[in-house]
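1. 3D, please:
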Amino acid sequence: MKSYEDVTTEFPVQYKPRLNIDYRYDPFRVFLLANRGATLPTFDQRYFSSASPLANPDLGLEKIYNLKLRVSHELANNLNYSIVPLSDR
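-> Residues are numbered from 1 along each chain as shown. Reported below is the predicted structural model:
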């Protein structure tokens, strides 16, 4: 388990925990990744107006939550396949 911290912004300190599990049981492999992150608005998004995008100084921190599960199966030395379910909210 890892954790990252960002203290270089005007936004509150964000802790970014990450859990990564990789389990192998030949010929199968199960990989699980769960983490949390954040994206800061750019200077242009907050303060620069042009013809189409308008500046928005009230833009805040965008929180991101990720969960990834992958199951792989090795058919031969150089041949394998993976199944990765996707979800979009």
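
2. Okay, strands next: where are they in the chain?
-> 2-6, 14-25, 28-39, 62-76, 79-83 (DSSP state E).

3. Give me the helices and strands touching the last one, please.
-> Right, the one you point to is strand 79-83. Strand 79-83 sits against strand 62-76, with contacts defined as 3 or more C-beta pairs under 8 Å, 6 or more residues apart in numbering; DSSP states H and E. Using the backbone N, CA and C atoms, a C-beta is placed for each residue, glycine as well.

4. Not counting its neighbours along the chain, what's nearest the spatially most central residue of the chain?
-> For the chain, the residue nearest the mean C-alpha position is residue 66 (4.9 Å; C-alpha atoms, centre = their mean). Of all residues not flanking residue 66 in the chain, residue 35 sits nearest, at 5.2 Å (C-beta to C-beta, 6 or more residues apart in numbering).

5. now do residue 49
-> Closest to residue 49 by C-beta to C-beta, 6+ apart is residue 55, at 4.4 Å.

6. what's near enough to touch that neighbour?
-> Counting by C-beta atoms under 8 Å, 6 or more residues apart in numbering, residue 55 touches 44, 45, 46, 47, 48, 49.

7. How confident was the prediction at it?
-> Note for residue 55: predicted pLDDT of 83.

8. and if you look at the one 3 residues further on?
-> Per-residue confidence for residue 58 comes out at a pLDDT of 83.

9. Can you report how many residues lie near it?
-> 7 (other C-beta atoms under 10 Å).

10. swap in residue 28?
-> Other residues near residue 28 number 12, with proximity taken as other C-beta under 10 Å.
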